[in-house]
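Trainee: just to be clear, the model below is a prediction. Sequence and coordinates:
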Amino acid sequence: MPAVKAMFDGERVILPDGARSFPPGDVIVLFQAEEPSEEEEERLWLRIQSHSFAEIWDNDEDSVYDDL
């Protein structure tokens, strides 16, 4: 599940050009109450990406690598 930073203009979510290559489907939109600092934003993206990574990596097929 990819994460993409976008803008909301009050009526529509405006995606960056690179995100237009994704197929149509459901999305999750999170609104920030206030502008985060650079460090907070980096932590947020790391948390989002680590969740996506865990969903992909955590499977029986790849469990053979757990003991390396």
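Mentor: Happy to help now that I have it. Residues are numbered from 1 along each chain as shown.
Trainee: let me know the helix or strand that Q49 is in.
Mentor: helix 38-57 (DSSP states H and E).
Trainee: need the residues that contact that helix.
Mentor: 1-3, 5, 36 (CB atoms under 8 Å, 6 or more residues apart in numbering). Every residue, glycine included, has its C-beta placed from N, CA and C.
Trainee: of all the residues you listed, which comes closest to D62?
Mentor: M1 (17.2 Å; CB to CB).
Trainee: how many other residues sit next to E61?
Mentor: Using other CB atoms under 10 Å, E61 has 6 neighbouring residues.
Trainee: pLDDT at it, what is it?
Mentor: Listed pLDDT for E61 reads 79.
Trainee: for stretch 58-68, buried residues please.
Mentor: For stretch 58-68, burial by neighbour count (16 or more other CB atoms under 10 Å) applies to no residue.
Trainee: neighbouring contacts of it?
Mentor: Contacts of stretch 58-68 (CB under 8 Å, 6+ apart): none.
Trainee: now it: how far from the chain's centre is it?
Mentor: Centroid separation for stretch 58-68 versus its chain: 23 Å, with CA atoms, centre = their mean, to the nearest Å.
Trainee: helices and strands of the chain: which one bottoms out on pLDDT?
Mentor: helix 38-57 (a mean of 80; mean pLDDT, DSSP states H and E).
Trainee: give me the buried positions along that helix.
Mentor: Buried residues in helix 38-57 (16+ other CB under 10 Å): none.
Trainee: quick one: distance of it to the chain centre.
Mentor: The answer for helix 38-57 is 7 Å, by CA atoms, centre = their mean.
Trainee: and what of stretch 31-43?
Mentor: 14 Å.
Trainee: now it - C-alpha only, CSV.
Mentor: Listed next in CSV are the C-alpha coordinates belonging to stretch 31-43 (Å, rounded to 0.1, in the frame of the first residue of the first chain):
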residue,chain,number,x,y,z
PHE,A,31,-5.9,15.5,7.6
GLN,A,32,-3.2,17.2,9.7
ALA,A,33,-4.5,19.5,12.4
GLU,A,34,-1.4,21.7,12.1
GLU,A,35,1.7,21.8,9.9
PRO,A,36,4.2,19.3,11.5
SER,A,37,7.8,20.1,11.9
GLU,A,38,10.2,18.4,9.4
GLU,A,39,11.2,15.9,12.1
GLU,A,40,7.5,15.1,12.9
GLU,A,41,6.7,14.7,9.2
GLU,A,42,9.6,12.3,8.7
ARG,A,43,8.5,10.2,11.7
